[in-house]
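S.K.: here is a sequence together with a model predicted from it:
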Amino acid sequence: MRQQSFVRRFFTLYLPLTLILLFILFPFYWIFLTSIKPETELYGAVTYITKNITFENYKKLFATTVNFFAAMKNSFIAAGLTTIVSLTASTLAAYAFSRYRFKGRRFLMAMFLSNNMFPTVLLLIPLYSIMRNLHILYTPWALVLAYTTFTLPFSVWLLNGFMNDLPMSLEEAALVDGCNRRQAFMRIVLPILGPSLVATGVYIFMTSWNEYTFAVMFTNNSSRTIPVALKSLIGQLGVDWGLLTAGGIITIIPVCIMFFFAQKRLVEGLTAGAVKG
Amino acid sequence: MNRKKSIYPYLLVAPAVLIILCVVFVPVFNAVRMSFQHYDLRKPKEIAFIGLENYVSLFQDKLFWKSLIKTVLWVVFGVGFQFVFGFILAVLLNQEFKGRGVIRAVSLIPWVTPGVLIGLMWRWMYDGNYGVVNDILHKLHLINDNIAFLANPKTAFPAVIITIIWQGIPFFALMILAALQGIPYELYEAAEIDGATRLQRLFRITIPSIKNTILITLLLRIIWVANSVDVIFNMTEGGPAYATQTLSVYVFNKANVLNLGYSSAMAIMLAILLCSVAIPYLIFTFRGEDK
């Protein structure tokens, strides 16, 4: 790369990049600032920094009747179970798609892909009555089943890509050495696939943690997840923006931490299929 | 590769296929059936087969047509600008500079933020009295009086579209960036030797090399954005005066009042519309598979 002059680099890189990043990141700064401002400073002239930092909103958050703590627990259970179920089922399916050529393979793969096009709201209504008839409405399992509608197809696709990139030679060597297929899978494939499984798991957890449309229909006061609890902060107390933004910050911290650890692998996996296609 | 006839692969795919059959295909079948029924959970005794009646009233429903137009605008402007800004961000991040890795990771945060929070935080920023957007516009001398962005039917729809653009930029950027990094550098060197201008390089090398990625990402995003409920619902619930009610939000609002037959019919119309986008996506992805 030739050395560009600073002026040119300023206009072709630093300036536009700063503007876009400002647009992307400012809302996060704003909700954080709102959450640590004292109430008197919130409803008046708009200030862009605050000298009177307070964590009152965070304390209040766990003291309201909305019970944010219980909502966090519910979210962890629902997202955790969804991750376990989806990851197990999709690892097995992706292994079959990647390593075997069998009758109906293409048809089944198309079936998984086609799930993308069913609107959430189309599934919402019939799932609601199915859950009601099964008496699992308002339990974590209702959410787990609903979430698999979008996590499972996506993770099958993602893991299929990861496995296709894995050379066959290692497994073949293991087979020659007298391992059976199951042993080769457990001892060779799974360990190498570890980071990809983690990345896929993070993706599943993240989307389940964030989901709102199913959650608001399939939970009640005692089983509601964080997004639903966030919204219900509004109904009860009018809109207390300090409280709400504190809730928002608490909501995104766990997913952000996970995401930063897994992002590199996840991005590789997400883009690999598309780029190759 | 194992080509022997074996039941092993079928056993491996069985759990995933079984789950999908139960949670996707059975419900879709039920939705189709419900759409031909008078099905209102508030009046459970009156559930009955009524043929195409739901669809007939749908086509006479002015709100349905209005929501349909809103959906098209929502997708065209929302996804369109996501693509434009995502593309610019990807091109910028494709250059080398210090801290690129960190900036790339940080710029993805909107993508991992829950839709509810996105809706609520923008609602706070758009606030008519204490909102920061009003304050910034004041300071730039662009407005004299505060605007209640989400309460005014004229400004509410552009306001929610800006929010969905904000949410979707990172995904486009990360997909396009990956594609850009896959273009061999020699192509640009050769073009430079041949005296190609910047613009020529963009249109003759960059865009043709990444057009598959662009296409797949566009199709995927169109489906996601058309289906998204949480952002709009948490900003405006489809109001004021239905100004921000897309089809998905309309179905969601109807389902909330438990008029399930009618909302199923509407959801099916939405699904049919999305098929026109999803089928090219399916064909396209499959061409890449198994080469």
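M.R.: That came through fine. Numbering: from 1, shown residues only, chains lettered A, B, ... in the order given.

S.K.: and B:Pro240, what does it touch?
M.R.: Listed by Cβ atoms under 8 Å, 6 or more residues apart in numbering or on different chains, the contact set of B:Pro240 reads B:Leu150, B:Ala151, B:Asn152, B:Pro153, B:Ala156. In this view, the C-beta of every residue, glycine as well, is placed from N, C-alpha and C.

S.K.: show me what from the stretch 51-200 of chain B comes close to chain A.
M.R.: B:85, B:88-89, B:92-93, B:95-97, B:103, B:105-110, B:112-117, B:120-122, B:124-125, B:127, B:129-132, B:135, B:166, B:169-170, B:174-175, B:178-179, B:182 (Cβ under 8 Å from any Cβ of the partner chain).

S.K.: weed out the non-buried ones from those.
M.R.: B:85, B:88-89, B:92-93, B:103, B:105-110, B:112-117, B:120-122, B:124-125, B:127, B:130-132, B:135, B:166, B:169-170, B:174-175, B:178-179 (16 or more other Cβ atoms under 10 Å in any protein chain shown).

S.K.: tell me which of those residues fall in helices.
M.R.: Among those, the ones falling in helices (DSSP state H) are B:85, B:88-89, B:92-93, B:103, B:105-106, B:109-110, B:112, B:115-117, B:120-122, B:124-125, B:132, B:135, B:166, B:169-170, B:174-175, B:178-179.

S.K.: which parts of chain A belong to which domain?
M.R.: Following automatic domain parsing, chain A resolves into domains at A:6-54, A:64-276.

S.K.: any idea which of the ones you listed is most buried?
M.R.: Across the domains of chain A, averaging neighbours per residue (mean count of other Cβ atoms under 10 Å in any protein chain shown) puts domain A:64-276 on top, at a mean of 20.

S.K.: please work out the average pLDDT along that domain.
M.R.: Averaging pLDDT along domain A:64-276 gives 86.

S.K.: same check, this time on stretch B:174-191
M.R.: Stretch B:174-191 shows a mean pLDDT of 84.

S.K.: and that stretch, C-alpha only, in CSV?
M.R.: Extracted C-alpha coordinates of stretch B:174-191, given in CSV (Å, rounded to 0.1, in the frame of the first residue of the first chain):
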residue,chain,number,x,y,z
LEU,B,174,-19.6,-7.6,8.7
MET,B,175,-20.8,-9.7,5.7
ILE,B,176,-19.5,-7.2,3.1
LEU,B,177,-16.2,-6.8,5.0
ALA,B,178,-15.6,-10.5,4.9
ALA,B,179,-16.3,-10.6,1.2
LEU,B,180,-14.0,-7.6,0.6
GLN,B,181,-11.2,-9.4,2.4
GLY,B,182,-11.6,-12.4,0.1
ILE,B,183,-10.8,-10.3,-3.1
PRO,B,184,-7.3,-11.1,-4.2
TYR,B,185,-5.1,-7.9,-4.0
GLU,B,186,-3.5,-8.7,-7.3
LEU,B,187,-6.7,-7.7,-9.1
TYR,B,188,-6.3,-4.2,-7.8
GLU,B,189,-2.6,-4.0,-8.6
ALA,B,190,-3.3,-5.2,-12.2
ALA,B,191,-6.0,-2.6,-12.6
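
S.K.: so can I have TSV of the contacts of B:Pro240 showing pLDDT and secondary structure?
M.R.: Shown next, in TSV, are the contacts of B:Pro240 (pLDDT from 0 to 100; DSSP: H, G, I helix; E, B strand; the rest coil):
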residue	pLDDT	secondary structure
B:Leu150	90	coil
B:Ala151	90	coil
B:Asn152	90	coil
B:Pro153	89	helix
B:Ala156	93	helix
